[in-house]
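> Provided below for reference: sequence and predicted model.
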Amino acid sequence: MSTRRRRPGIGVGTLVLGVLLSACTSPDLEKPGAHRADVLTGLGAPYSVSALQGTRERLLYSTLPAGRQVFHLDFDATGRLEHVEQVLTLARFSGIAPNQWTRGNVERTFSPPMRVERMARFDGDVWTYRFMDDYAPRLAHIHIDRAGTVRQRVFTDDQPPGDGRDF
């Protein structure tokens, strides 16, 4: 019977290296002035690309459905990064105008939701997003009718399982 001895620390070292490398490729670490091609090389393909005013464009990167961050990376006409913004915030969700925003506006701004549900007293879908509000986990519920118009937005606390408030 052969006994192979494992070198201690190799598994842990690999794990630490993987975490460090993944931290280097987060959209919020991209600096203004970066070339679009370099950003794409580091981050990979975005969820979506949207044209902005003039010849500018926005790349959208999402950590949903499990995460709580969606990033807009805005590039100027020369392909240089102008601005990075994490948009899953109370202020951004509060800016959704009921009866004016559409399903398309919501998806272009926030990406697809973590969950889509139906409610008995609403004829449409409820899109739910996770986000952080002053270090507290929250949920934004966007009510979108069958015609694709936002009718309501509701905010609730996100209660993790096993936190003592389960029934």
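Happy to help now that I have it. Numbering: from 1, shown residues only.
> what's the nearest residue to the most centrally placed residue in the chain if we skip its chain neighbours?
Centroid-nearest residue in the chain, with Cα atoms, centre = their mean: residue 70, separated by 2.4 Å. The spatially closest residue to residue 70, leaving aside those adjacent along the chain, is residue 62, at 4.7 Å (Cβ to Cβ, 6 or more residues apart in numbering). To be clear about C-beta, it is placed using only N, CA and C from the backbone, and glycine gets the same treatment.
> Just give me the neighbour total for the one you found.
19 (other Cβ atoms under 10 Å).
> Check the offset of stretch 117-136 from the chain's centre.
Centre-to-centre, stretch 117-136 and its host chain are 15 Å apart (Cα atoms, centre = their mean, to the nearest Å).
> Send me that stretch as PDB with only the CA atoms.
Taking Å, rounded to 0.1, in the frame of the first residue of the first chain, the C-alpha atoms of stretch 117-136 are listed here in PDB:
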ATOM      1  CA  GLU A 117     -43.100  36.200  -8.700                       C
ATOM      2  CA  ARG A 118     -46.900  36.600  -9.000                       C
ATOM      3  CA  MET A 119     -49.300  38.000  -6.400                       C
ATOM      4  CA  ALA A 120     -53.000  37.200  -6.000                       C
ATOM      5  CA  ARG A 121     -54.000  40.900  -6.000                       C
ATOM      6  CA  PHE A 122     -51.800  42.200  -8.800                       C
ATOM      7  CA  ASP A 123     -52.100  41.400 -12.500                       C
ATOM      8  CA  GLY A 124     -48.500  41.300 -13.400                       C
ATOM      9  CA  ASP A 125     -45.100  40.300 -12.200                       C
ATOM     10  CA  VAL A 126     -43.100  41.400  -9.100                       C
ATOM     11  CA  TRP A 127     -39.400  41.700  -9.800                       C
ATOM     12  CA  THR A 128     -37.300  41.300  -6.700                       C
ATOM     13  CA  TYR A 129     -33.700  42.600  -6.300                       C
ATOM     14  CA  ARG A 130     -31.300  42.200  -3.400                       C
ATOM     15  CA  PHE A 131     -29.300  45.300  -2.300                       C
ATOM     16  CA  MET A 132     -27.500  46.800   0.700                       C
ATOM     17  CA  ASP A 133     -28.800  49.900   2.500                       C
ATOM     18  CA  ASP A 134     -26.400  51.200   5.100                       C
ATOM     19  CA  TYR A 135     -25.000  47.800   5.600                       C
ATOM     20  CA  ALA A 136     -28.500  46.200   6.100                       C
END
